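*Asks:* got a sequence here, can you build the structure:
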Amino acid sequence: MARSKSCAVLLALACLGLPSADGMLQAFSLRLGGVRAGEEVNWEFFAKFSYGIGTSRYKYRLRLEGPLHGMFKPSQNVTVLAEHYFDEHWPVVLSIPEKCARKDKAQGTRELSIPPDGSWTEWSGGTVEHVVRSHVWYYTLSSCQASLGRVHKIGFEFEALQPNGSHFSVEHQWTLPANIISLIFMAVFSCILVQRCRDFARSAGAMHMVMWVLAGIVAVQFIAQALHAVHLVGYSRNGQGVKALEILSEMLTISGQMVEATFLIIIGTGYTLQSEGLQLDWVIPVGGLIIIIHVCVIALSRQLDGAADKFHSHDGFAGLIILGLRMLLYAWFLWAVRQTKRKSSPRLKAFLEQFRMAGSLYFLSYPMLYLIASLFAPYLRPAILTVGLMILQIASNVWLSNLLLSRGEYFKVSEMSESELPGASSGGRVRKSVALISHYKEHLRTEIGVFIEQIFLRILESGNSTFQHKSRVLNVFYKLCTDATTALELFLNFDCDVDEKNIFERTVDCLSKIAQGKYTA
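*Replies:* Model prediction:
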């Protein structure tokens, strides 16, 4: 509890320490002038913003960062024209091949004179008023009136503020409250998950590896959500936020989602469901490669932040590549489940069919969400994708936790419910069996004899027992043999008693035959 309070205080201080500003702030640079691909570069996009209903404000300023490669330094002011375009006219503007003729479609223009010494121009701004609905405004720079000749690098700062004082563009205005709500849900779910894992470990003796994987996935997603929340709180204060936290958050989110998808594929391959014939050596490396590709795609997509046609990190080529990778993972999942079903019992086949249907919903959720979002206006897609992905993330975590931690169909068909030894996990079975023999041998002498003879030795001597079962029994005997007192008392209480069976002798004989490879069927 103390640690949680400390983290909350540090988070609050980090947010409060972010400086405030007048509005959303974009600070980039562009190249104007010269020739590119045989065409003079005299018209470039530099900013966009989605304004809500009401009267919004904007302002921008420019400075000359210098000609490329230091070829020359202008001796007088550089004149450019800032042009403002309405979203309903923007497709028509882009369709005009002669860029200098696009000015006729502009809703406003402003001539700016940039000093040659690299200092900023005065702020130029105005207001935008919407009555019916929200609109996106696009801002460009043109040098058509006075050719720049050589290539110039022009830096700019653009700030915008919504009518209600928000720094968020319309497509991102619900991001902060949605993220905070999702973070609260994740925190509550994490606490419930920790308690359920503790209860399961207490009853079974230990946590299975699948539970550790689930806990790791949830931890990564929670950290990603918290980092994104810090960035958004900063953005709401200064219009910029903490870019490094935003990028790190997105990388962790993608990694968590891909680990979760690979985990489902591994279970579909037969992990925890079948003890023989598993070939998982290539699954994890391939899954890791897909994670790396996802992260690289998002990183490349971030390089296009601020582009005229980009409203979300999954827009454009990045969204299409991620869509293709998700469908590839889905095909892999279906193949893995189909291969496992071929060598499964009827009961396991019934579970795998249910698992296939639930997994299909998981893998197809992103493509469906992506296609649904594409039906809406560009400035509405980010809200749909962001909120939708948050809901899907929480839903998938709840489903996985119920699948792995409840004693349902998965528990019944997986190795966690094998009944040849008591308990619910291999570690728990070994510890409980050793504790029973070591601590209750004085009170349960007859029962322990039956236990060793009818269960342990029968498993070792049976040609139908699996390698996994024999391995667990051998682990029990290994633990018992490390305690010289227990081994001696087994000999004295059974073999030295004429009325009892020679359990110690039979055990030694059985273990000797296994060492010689005679019980390997």
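*Asks:* which strand or helix spans Ala82?
*Replies:* For Ala82, the host element (DSSP states H and E) is strand 78-86.
*Asks:* now do the buried residues in the very next helix or strand once past that strand.
*Replies:* Downstream of strand 78-86, the next assigned helix or strand under DSSP H and E is helix 90-95. For helix 90-95, the neighbour count (16 or more other Cβ atoms under 10 Å) marks Trp90, Val93, Leu94 as buried. For glycine as for every other residue, the C-beta is placed from the backbone atoms N, C-alpha and C.
*Asks:* so what's the first one scoring on pLDDT?
*Replies:* In this case it means Trp90. Trp90 carries a pLDDT value of 88.
*Asks:* wait, doesn't it sit right on Tyr138?
*Replies:* Yes: the pair Trp90 and Tyr138 qualifies as a contact (Cβ atoms under 8 Å) at a distance of 5.5 Å.
*Asks:* dump the buried residues of helix 90-95 to TSV, plus distance to Val132.
*Replies:* Shown next, in TSV, are these (distance: Cβ to Cβ, whole Å):
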residue	distance to Val132
Trp90	18
Val93	21
Leu94	24
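*Asks:* and which of these is nearest to Thr55?
*Replies:* For the buried residues of helix 90-95, the minimum distance to Thr55 (Cβ to Cβ) is 21.6 Å, reached by Trp90.
*Asks:* where do the domain boundaries of the protein fall?
*Replies:* Using automatic domain parsing, the domain parsing of the chain gives 24-161, 170-417, 426-515.
*Asks:* just the element for the residue nearest to Leu400 when sequence neighbours are not counted, please.
*Replies:* Spatial nearest neighbour of Leu400, chain neighbours left out: Leu214 (5.7 Å); criterion: Cβ to Cβ, 6 or more residues apart in numbering. Of the helices and strands defined by DSSP H and E, Leu214 is found in helix 209-238.
*Asks:* what helices or strands is that helix leaning on?
*Replies:* helix 2-16, helix 175-204, helix 243-269, helix 381-405 (3 or more Cβ pairs under 8 Å, 6 or more residues apart in numbering; DSSP states H and E).
*Asks:* may I have the phi/psi pair for Leu141?
*Replies:* Here is the backbone geometry of Leu141 (degrees, to the nearest 10): phi -120, psi 140.
*Asks:* got the contact list for it?
*Replies:* By Cβ atoms under 8 Å, 6 or more residues apart in numbering, the contact list for Leu141 reads Leu30, Leu32, Trp43, Glu44, Phe46, Leu62, Val80, Leu81, Ala82, Glu83, Ile154, Phe156.
*Asks:* highest neighbour count among the residues you listed?
*Replies:* Counting neighbours by other Cβ atoms under 10 Å, the top entry in the contacts of Leu141 is Val80, with 27 neighbours.
*Asks:* quick one: buried residues of the helix holding Leu214?
*Replies:* Buried residues in helix 209-238, counted by 16+ other Cβ under 10 Å: 210-211, 213-215, 217-218, 220-238.
*Asks:* again, but for stretch 262-275
*Replies:* Neighbour-count burial for stretch 262-275 flags 262-274 (criterion: 16+ other Cβ under 10 Å).
*Asks:* columns mean pLDDT on top of the helices and strands packed on helix 209-238, output as JSON lines?
*Replies:* Shown next, in JSON lines, are the helices and strands packed on helix 209-238 (pLDDT from 0 to 100):
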{"stretch": "helix 2-16", "mean pLDDT": "41"}
{"stretch": "helix 175-204", "mean pLDDT": "87"}
{"stretch": "helix 243-269", "mean pLDDT": "87"}
{"stretch": "helix 381-405", "mean pLDDT": "86"}
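*Asks:* got a markdown table for these, with distance to Ile459 too?
*Replies:* Shown next, in a markdown table, are the helices and strands packed on helix 209-238 (distance: least, Cβ to Cβ, whole Å):
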| stretch | distance to Ile459 |
| --- | --- |
| helix 2-16 | 45 |
| helix 175-204 | 20 |
| helix 243-269 | 26 |
| helix 381-405 | 27 |
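*Asks:* for Gly319, find the nearest of the ones you listed.
*Replies:* Comparing these by their distance to Gly319 (Cβ to Cβ), the top pick is helix 381-405, with 8.7 Å.
*Asks:* check which residues of the closest one are buried.
*Replies:* Those would be 381-390, 392-394, 396-397, 400-401, 403-405, for helix 381-405 by 16+ other Cβ under 10 Å.
*Asks:* any idea how far the residue nearest to Leu400 is from Glu260?
*Replies:* For Leu214, the distance to Glu260 equals 9 Å [Cβ to Cβ, to the nearest Å].
*Asks:* can you list residues touching both of those two?
*Replies:* In contact with both Leu214 and Glu260: Leu400, using Cβ under 8 Å, 6+ apart.
*Asks:* what about dumping the CA coordinates of stretch 156-171 to PDB?
*Replies:* Provided in PDB are the C-alpha atoms of stretch 156-171 (Å, rounded to 0.1, in the frame of the first residue of the first chain):
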ATOM      1  CA  PHE A 156       7.800  26.500 -37.600                       C
ATOM      2  CA  GLU A 157       5.800  26.400 -34.400                       C
ATOM      3  CA  PHE A 158       2.000  26.000 -34.600                       C
ATOM      4  CA  GLU A 159      -0.300  26.300 -31.600                       C
ATOM      5  CA  ALA A 160      -4.100  25.700 -31.500                       C
ATOM      6  CA  LEU A 161      -6.700  25.900 -28.800                       C
ATOM      7  CA  GLN A 162     -10.300  24.500 -28.800                       C
ATOM      8  CA  PRO A 163     -13.300  26.700 -27.700                       C
ATOM      9  CA  ASN A 164     -13.400  24.900 -24.300                       C
ATOM     10  CA  GLY A 165      -9.700  25.500 -23.700                       C
ATOM     11  CA  SER A 166      -8.600  22.000 -24.600                       C
ATOM     12  CA  HIS A 167      -5.300  21.400 -26.300                       C
ATOM     13  CA  PHE A 168      -6.500  18.200 -27.900                       C
ATOM     14  CA  SER A 169      -7.600  18.100 -31.600                       C
ATOM     15  CA  VAL A 170     -11.100  16.700 -32.000                       C
ATOM     16  CA  GLU A 171      -9.800  13.200 -33.000                       C
END
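*Asks:* avg pLDDT for that stretch?
*Replies:* Computed over stretch 156-171, the average pLDDT equals 84.
*Asks:* likewise stretch 296-313?
*Replies:* Stretch 296-313 comes out at a mean pLDDT of 66.
*Asks:* try stretch 132-151
*Replies:* 81.
*Asks:* can you give me the end-to-end distance of it?
*Replies:* Stretch 132-151 has its terminal residues 42 Å apart, counting by Cα to Cα, to the nearest Å.
*Asks:* would you verify that Phe156 is located in a strand?
*Replies:* Yes: per DSSP: H, G, I helix; E, B strand; the rest coil, Phe156 lies within a strand segment.
*Asks:* which residues does it contact?
*Replies:* Taking Cβ under 8 Å, 6+ apart, we find Phe156 in contact with Gln26, Ala27, Phe28, Ser29, Leu30, Phe46, Ala47, Tyr60, Arg61, Leu62, Arg63, Leu141.
*Asks:* pick out the lowest-pLDDT one from the residues you listed.
*Replies:* Comparing those by pLDDT, Ala27 comes last, at 66.
*Asks:* helix/strand/coil for Ser344?
*Replies:* With three-state DSSP as the basis, Ser344 sits in coil.
*Asks:* hang on, isn't it packed against Leu352?
*Replies:* Yes: shown here, Ser344 and Leu352 form a contact pair, counting by Cβ under 8 Å, at 6.4 Å.
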